[in-house]
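# I'll drop the sequence and a predicted model, then ask my questions.
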Amino acid sequence: MTDQAARTVALSKLRTALKNRIHATLAKYGITSAEPSDIFAGAGRAWLETTVSRLPPETGRCVAQEIDALDGLQLQIAQLEERIRERVALTPTIQLLKGLPGVGDTAKRGHRDRPGDRFHRSLQHARPARQLRRCRPHRPRQRRQDSLRPHA
């Protein structure tokens, strides 16, 4: 599952890079959307499709290819996320994590239930409560007044 989560993150970075590239191309030609919405979804996507024709021919072809690549990446990301959700439903440790408030599917992806993984080791090496009570914050020692006298 960790490999799937890492692949999802990598594909998401590629998706962001493509979106930034498209935004930069539109800005280069002074084209902006009238609405402050996402130009890659819904009404913004329709606007983007019609705007490609306003670009120079070769630039328009490149942006159209980037949009196609973006659609392919989005499909792959959606498939990976679905597989991760299926795996999360089958993992007992992650089911326990689901009971914690504020823990979503994204946070659960990194935790595996196999002994020897990072999450498991951190629980094994946690200090017992009696040891934590003994830990006190370091306070610097007070200097005595007589040590501040100038030396003769």
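Arrived safely, thanks for sending. Residues are numbered from 1 along each chain as shown.
# residue ranges with poor pLDDT in the chain?
By pLDDT under 70, the low-scoring segments of the chain are 1, 36, 104-152.
# helices of that one, residue ranges please.
In the chain, the helices defined using DSSP state H lie at 2-28, 42-51, 57-90, 92-98, 105-109, 118-124, 129-134.
# nearest to Ala34, of those?
Judged by Cβ to Cβ, the one of the helices of the chain that comes nearest to Ala34 is helix 42-51, at 8.1 Å. Every C-beta, even on glycine, is put in place using the N, C-alpha and C of the backbone.
# report the inter-axis angle for that closest one versus helix 2-28.
Per axes from the mean of the first three to the mean of the last three Cα atoms, to 10 degrees, the angle that helix 42-51 makes with helix 2-28 is 50 degrees.
# return the set of buried residues in helix 42-51.
For helix 42-51, burial by neighbour count (16 or more other Cβ atoms under 10 Å) applies to Leu48, Thr51.
# alpha carbons only: can I get that helix in PDB?
Extracted C-alpha coordinates of helix 42-51, given in PDB (Å, rounded to 0.1, in the frame of the first residue of the first chain):
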ATOM      1  CA  GLY A  42     -16.800  22.000 -14.600                       C
ATOM      2  CA  ALA A  43     -17.500  25.400 -16.300                       C
ATOM      3  CA  GLY A  44     -13.800  26.300 -16.100                       C
ATOM      4  CA  ARG A  45     -12.900  23.200 -18.200                       C
ATOM      5  CA  ALA A  46     -15.400  24.200 -20.900                       C
ATOM      6  CA  TRP A  47     -13.800  27.700 -20.900                       C
ATOM      7  CA  LEU A  48     -10.300  26.100 -21.200                       C
ATOM      8  CA  GLU A  49     -11.400  24.000 -24.200                       C
ATOM      9  CA  THR A  50     -12.700  27.000 -26.100                       C
ATOM     10  CA  THR A  51      -9.700  29.100 -25.100                       C
END
